[in-house]
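Chemist: Following is a predicted model, sequence given first.
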Amino acid sequence: MHIMESRRDVRGNHFSDQPVNDEIILELLSAAMTAPSVGLSEPWEFIIVRDLETRKKIVQNFKQANQCATEEFEGDKKNHYKQLKLEGILESAFNLAVFYNPPQEAVLGQNSMEEVGRYSVVCAIQNLWLMARAYNIGLGWVSILDPQDVKKVLQVPDDHELIGYLCLGYVNDFLDKPELEILDWKKRRRKSSAVHFEQYSSSRTNRQQNKSCG
Ligand SMILES: Cc1cc2nc3c(=O)[nH]c(=O)nc-3n(C[C@H](O)[C@H](O)[C@H](O)COP(=O)(O)O)c2cc1C
(Lines give C-alpha, C1' and ligand atoms only; values in the text may rest on other atoms or scores of the structure.)
Protein backbone atom coordinates (compact mmCIF):
# COMPACT_ATOMS: atom_id res chain seq x y z
CA MET A 1 0.00 0.00 0.00
CA HIS A 2 2.90 2.35 0.73
CA ILE A 3 4.13 2.21 -2.88
CA MET A 4 0.63 3.02 -4.13
CA GLU A 5 0.09 5.87 -1.70
CA SER A 6 3.50 7.39 -2.35
CA ARG A 7 3.31 7.14 -6.15
CA ARG A 8 3.05 10.58 -7.71
CA ASP A 9 2.69 12.12 -11.10
CA VAL A 10 6.02 13.92 -11.48
CA ARG A 11 6.39 16.99 -13.67
CA GLY A 12 9.44 18.79 -15.03
CA ASN A 13 10.07 20.84 -11.93
CA HIS A 14 10.98 17.77 -9.83
CA PHE A 15 13.35 15.63 -11.90
CA SER A 16 17.04 15.36 -11.00
CA ASP A 17 19.87 15.13 -13.57
CA GLN A 18 20.78 11.55 -12.66
CA PRO A 19 20.58 9.26 -15.70
CA VAL A 20 18.57 6.02 -15.60
CA ASN A 21 20.66 3.08 -16.78
CA ASP A 22 19.47 0.60 -19.40
CA GLU A 23 19.18 -2.26 -16.95
CA ILE A 24 16.67 -0.33 -14.85
CA ILE A 25 14.72 0.74 -17.93
CA LEU A 26 14.45 -2.91 -18.94
CA GLU A 27 13.25 -3.80 -15.43
CA LEU A 28 10.54 -1.17 -15.71
CA LEU A 29 9.47 -2.48 -19.09
CA SER A 30 9.49 -6.01 -17.77
CA ALA A 31 7.21 -4.90 -14.92
CA ALA A 32 4.92 -3.30 -17.50
CA MET A 33 4.78 -6.49 -19.51
CA THR A 34 3.78 -8.68 -16.57
CA ALA A 35 0.45 -6.82 -16.56
CA PRO A 36 -2.81 -8.63 -17.21
CA SER A 37 -4.17 -8.31 -20.74
CA VAL A 38 -7.43 -9.36 -22.32
CA GLY A 39 -7.13 -12.90 -23.74
CA LEU A 40 -3.37 -12.68 -23.09
CA SER A 41 -3.20 -10.43 -26.13
CA GLU A 42 -0.37 -8.25 -24.72
CA PRO A 43 -1.29 -5.47 -27.14
CA TRP A 44 1.43 -3.02 -26.08
CA GLU A 45 4.36 -1.38 -27.84
CA PHE A 46 6.88 0.87 -26.10
CA ILE A 47 9.19 3.45 -27.66
CA ILE A 48 12.04 4.73 -25.49
CA VAL A 49 12.75 8.32 -26.50
CA ARG A 50 16.03 9.88 -25.42
CA ASP A 51 16.93 11.98 -28.44
CA LEU A 52 16.71 15.68 -27.63
CA GLU A 53 15.61 16.76 -31.10
CA THR A 54 12.72 14.30 -31.01
CA ARG A 55 11.75 15.49 -27.57
CA LYS A 56 11.80 19.11 -28.73
CA LYS A 57 9.26 18.18 -31.41
CA ILE A 58 7.04 16.63 -28.75
CA VAL A 59 7.39 19.78 -26.62
CA GLN A 60 6.15 21.84 -29.59
CA ASN A 61 3.21 19.49 -29.87
CA PHE A 62 2.50 19.93 -26.14
CA LYS A 63 2.68 23.72 -26.38
CA GLN A 64 0.09 23.80 -29.15
CA ALA A 65 -2.23 21.36 -27.42
CA ASN A 66 -1.82 23.22 -24.15
CA GLN A 67 -2.76 26.49 -25.82
CA CYS A 68 -6.10 24.93 -26.80
CA ALA A 69 -6.46 23.35 -23.35
CA THR A 70 -6.06 26.78 -21.73
CA GLU A 71 -9.19 27.93 -23.56
CA GLU A 72 -11.27 25.37 -21.67
CA PHE A 73 -11.01 27.55 -18.57
CA GLU A 74 -12.07 31.08 -17.78
CA GLY A 75 -11.13 33.91 -15.44
CA ASP A 76 -9.09 33.02 -12.34
CA LYS A 77 -9.16 29.34 -13.21
CA LYS A 78 -7.57 30.12 -16.56
CA ASN A 79 -4.81 32.16 -14.92
CA HIS A 80 -4.22 29.38 -12.43
CA TYR A 81 -4.07 26.83 -15.27
CA LYS A 82 -1.44 28.85 -17.11
CA GLN A 83 0.84 28.69 -14.06
CA LEU A 84 0.75 24.90 -13.81
CA LYS A 85 3.72 22.85 -15.01
CA LEU A 86 2.06 19.95 -16.81
CA GLU A 87 4.89 18.01 -18.42
CA GLY A 88 8.56 17.12 -18.02
CA ILE A 89 9.45 16.13 -21.58
CA LEU A 90 12.90 17.74 -21.63
CA GLU A 91 13.70 17.73 -17.90
CA SER A 92 13.21 13.97 -17.45
CA ALA A 93 15.93 11.37 -18.13
CA PHE A 94 13.92 9.73 -20.90
CA ASN A 95 10.45 9.58 -22.38
CA LEU A 96 8.42 6.49 -23.05
CA ALA A 97 5.64 6.46 -25.62
CA VAL A 98 3.20 3.60 -25.12
CA PHE A 99 0.94 2.38 -27.91
CA TYR A 100 -1.98 0.02 -28.37
CA ASN A 101 -1.37 -2.44 -31.17
CA PRO A 102 -4.85 -3.66 -32.17
CA PRO A 103 -5.29 -7.41 -32.69
CA GLN A 104 -5.12 -8.99 -36.14
CA GLU A 105 -7.28 -11.93 -35.06
CA ALA A 106 -10.09 -12.66 -32.59
CA VAL A 107 -9.10 -12.17 -28.96
CA LEU A 108 -10.76 -14.08 -26.15
CA GLY A 109 -12.76 -11.57 -24.11
CA GLN A 110 -12.48 -8.70 -26.57
CA ASN A 111 -15.77 -8.86 -28.41
CA SER A 112 -18.58 -6.93 -26.78
CA MET A 113 -16.19 -4.40 -25.24
CA GLU A 114 -13.61 -3.59 -27.89
CA GLU A 115 -11.91 -1.03 -25.65
CA VAL A 116 -10.61 -3.68 -23.22
CA GLY A 117 -7.49 -3.97 -25.39
CA ARG A 118 -6.65 -0.38 -24.51
CA TYR A 119 -7.39 -1.03 -20.85
CA SER A 120 -4.75 -3.77 -20.94
CA VAL A 121 -2.16 -1.22 -22.05
CA VAL A 122 -3.21 1.05 -19.19
CA CYS A 123 -2.67 -1.87 -16.77
CA ALA A 124 0.88 -2.14 -18.12
CA ILE A 125 1.48 1.57 -17.58
CA GLN A 126 0.25 1.35 -14.00
CA ASN A 127 2.60 -1.59 -13.31
CA LEU A 128 5.48 0.43 -14.70
CA TRP A 129 4.48 3.50 -12.69
CA LEU A 130 4.54 1.54 -9.43
CA MET A 131 7.80 -0.26 -10.24
CA ALA A 132 9.38 3.10 -11.08
CA ARG A 133 8.29 4.41 -7.68
CA ALA A 134 10.01 1.44 -6.01
CA TYR A 135 13.26 2.61 -7.67
CA ASN A 136 12.65 6.26 -6.68
CA ILE A 137 12.04 7.05 -10.31
CA GLY A 138 9.25 9.51 -10.97
CA LEU A 139 6.85 9.27 -13.89
CA GLY A 140 4.71 12.00 -15.39
CA TRP A 141 1.93 11.17 -17.81
CA VAL A 142 1.44 13.78 -20.56
CA SER A 143 -1.90 13.62 -22.29
CA ILE A 144 -2.03 17.20 -23.54
CA LEU A 145 -0.72 16.18 -26.96
CA ASP A 146 -2.00 15.62 -30.46
CA PRO A 147 -1.62 11.82 -30.69
CA GLN A 148 -1.44 11.80 -34.50
CA ASP A 149 1.49 14.17 -34.41
CA VAL A 150 3.29 12.00 -31.81
CA LYS A 151 2.77 9.00 -34.13
CA LYS A 152 4.18 10.95 -37.07
CA VAL A 153 7.29 12.03 -35.17
CA LEU A 154 7.93 8.48 -33.93
CA GLN A 155 6.97 6.83 -37.24
CA VAL A 156 4.35 4.62 -35.69
CA PRO A 157 2.02 2.52 -37.90
CA ASP A 158 -1.38 4.08 -38.65
CA ASP A 159 -3.47 1.49 -36.86
CA HIS A 160 -1.59 1.84 -33.56
CA GLU A 161 -2.98 4.21 -30.95
CA LEU A 162 -1.10 6.38 -28.48
CA ILE A 163 -2.19 5.44 -24.96
CA GLY A 164 0.35 7.28 -22.86
CA TYR A 165 3.31 9.59 -23.31
CA LEU A 166 5.42 9.26 -20.17
CA CYS A 167 8.36 11.23 -18.78
CA LEU A 168 10.65 9.34 -16.40
CA GLY A 169 13.63 10.15 -14.23
CA TYR A 170 14.97 10.13 -10.70
CA VAL A 171 13.51 12.68 -8.33
CA ASN A 172 14.92 13.96 -5.07
CA ASP A 173 11.63 13.97 -3.18
CA PHE A 174 8.18 12.68 -3.93
CA LEU A 175 5.38 15.00 -2.83
CA ASP A 176 3.16 13.46 -0.18
CA LYS A 177 -0.02 14.60 -1.98
CA PRO A 178 -1.00 15.12 -5.62
CA GLU A 179 0.60 18.33 -6.82
CA LEU A 180 -2.74 19.55 -8.16
CA GLU A 181 -4.12 19.24 -4.63
CA ILE A 182 -1.18 21.08 -3.08
CA LEU A 183 -1.62 23.88 -5.61
CA ASP A 184 -5.34 24.13 -4.82
CA TRP A 185 -6.38 23.15 -8.33
CA LYS A 186 -8.55 20.31 -7.13
CA LYS A 187 -9.34 18.44 -3.95
CA ARG A 188 -9.17 14.68 -3.67
CA ARG A 189 -12.53 12.96 -3.78
CA ARG A 190 -13.62 11.12 -0.64
CA LYS A 191 -13.13 7.43 -1.36
CA SER A 192 -16.49 6.51 0.11
CA SER A 193 -18.27 8.69 -2.46
CA ALA A 194 -17.21 6.28 -5.22
CA VAL A 195 -18.57 3.15 -3.55
CA HIS A 196 -22.17 2.02 -3.97
CA PHE A 197 -24.09 -0.81 -2.38
CA GLU A 198 -26.19 -3.14 -4.51
CA GLN A 199 -27.29 -0.38 -6.92
CA TYR A 200 -25.92 2.92 -8.15
CA SER A 201 -27.02 5.62 -5.82
CA SER A 202 -26.22 9.29 -5.54
CA SER A 203 -27.91 9.53 -2.15
CA ARG A 204 -25.89 10.51 0.87
CA THR A 205 -27.38 7.70 2.97
CA ASN A 206 -25.96 5.08 0.69
CA ARG A 207 -22.55 6.73 0.64
CA GLN A 208 -22.43 7.23 4.37
CA GLN A 209 -22.83 3.50 4.94
CA ASN A 210 -19.26 2.99 3.84
CA LYS A 211 -17.45 5.03 6.45
CA SER A 212 -14.39 2.78 6.60
CA CYS A 213 -13.44 3.69 3.03
CA GLY A 214 -12.11 7.13 3.90
C1 LIG B 1 -4.46 9.16 -18.04
C2 LIG B 1 -3.75 10.27 -17.30
C3 LIG B 1 -3.37 11.41 -18.00
C4 LIG B 1 -2.71 12.45 -17.33
N5 LIG B 1 -2.29 13.55 -18.03
C6 LIG B 1 -1.60 14.54 -17.41
C7 LIG B 1 -1.06 15.64 -18.12
O8 LIG B 1 -1.20 15.77 -19.33
N9 LIG B 1 -0.36 16.56 -17.44
C10 LIG B 1 -0.18 16.47 -16.08
O11 LIG B 1 0.47 17.36 -15.50
N12 LIG B 1 -0.65 15.43 -15.38
C13 LIG B 1 -1.34 14.45 -16.01
N14 LIG B 1 -1.79 13.36 -15.31
C15 LIG B 1 -1.50 13.27 -13.87
C16 LIG B 1 -2.69 13.57 -12.98
O17 LIG B 1 -2.92 14.95 -12.95
C18 LIG B 1 -2.38 13.04 -11.58
O19 LIG B 1 -2.29 11.63 -11.67
C20 LIG B 1 -3.43 13.42 -10.56
O21 LIG B 1 -3.42 14.80 -10.35
C22 LIG B 1 -3.18 12.73 -9.21
O23 LIG B 1 -1.87 12.99 -8.75
P24 LIG B 1 -0.84 11.84 -8.43
O25 LIG B 1 -0.71 10.98 -9.66
O26 LIG B 1 0.42 12.52 -8.04
O27 LIG B 1 -1.43 11.04 -7.28
C28 LIG B 1 -2.45 12.34 -15.94
C29 LIG B 1 -2.82 11.18 -15.26
C30 LIG B 1 -3.46 10.15 -15.94
C31 LIG B 1 -3.84 8.89 -15.18
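Modeler: On my side now, so go ahead.
Chemist: Now for the nearest residue to residue 151 once chain neighbours are set aside: which residues touch it?
Modeler: Spatial nearest neighbour of residue 151, excluding adjacent residues (C-beta to C-beta, 6 or more residues apart in numbering): residue 162 at 6.3 Å. C-beta here means a position set from N, CA and C on the backbone, and glycine is covered the same way. Listed by C-beta atoms under 8 Å, 6 or more residues apart in numbering, the contact set of residue 162 reads 97, 98, 99, 145, 147, 150, 151, 156.
Chemist: so where does residue 162 fall, helix or strand?
Modeler: Under the criterion DSSP states H and E, the helix or strand holding residue 162 is strand 161-170.
Chemist: now residue 125
Modeler: Using DSSP H and E, residue 125 maps to helix 116-134.
Chemist: Likewise for residue 107?
Modeler: Following DSSP H and E, there is no helix or strand that holds residue 107.
Chemist: now residue 61
Modeler: Short version, using DSSP H and E: residue 61 is in helix 52-70.
Chemist: which residues are contacting that helix?
Modeler: Here helix 52-70 makes contact (C-beta under 8 Å, 6+ apart) with 49, 78, 81-82, 86-87, 89-90, 95, 142, 144-146, 149-150, 153-154, 165.
Chemist: And the strands in the protein, which stretches?
Modeler: Counting by DSSP state E, the chain has strands at residues 44-49, 94-100, 137-142, 161-170.
Chemist: could those strands go into CSV alongside distance to residue 123 and mean pLDDT?
Modeler: Supplementary listing: the strands of the chain in CSV, determined by distance: least, C-beta to C-beta, whole Å; pLDDT from 0 to 100:
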stretch, distance to residue 123, mean pLDDT
strand 44-49, 9, 98
strand 94-100, 11, 98
strand 137-142, 14, 98
strand 161-170, 11, 98
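Chemist: roughly how far apart are the closest residue to residue 78 other than its chain neighbours and residue 186?
Modeler: Distances taken as C-beta to C-beta, 6+ apart put residue 70 closest to residue 78, at 6.3 Å, once the chain neighbours are dropped. For residue 70, the distance to residue 186 under the criterion C-beta to C-beta, to the nearest Å works out to 17 Å.
Chemist: Just want to know which of these two has more residues nearby.
Modeler: Just comparing residue 70 and residue 186: by other C-beta atoms under 10 Å the higher neighbour count belongs to residue 70, 13 against 9.
Chemist: tell me the mean pLDDT for stretch 149-160?
Modeler: For stretch 149-160, mean pLDDT is 98.
Chemist: So it, near the ligand or not?
Modeler: No: taking C-beta under 6 Å from any ligand atom as the criterion, stretch 149-160 and the ligand are apart, separated by no less than 12.5 Å.
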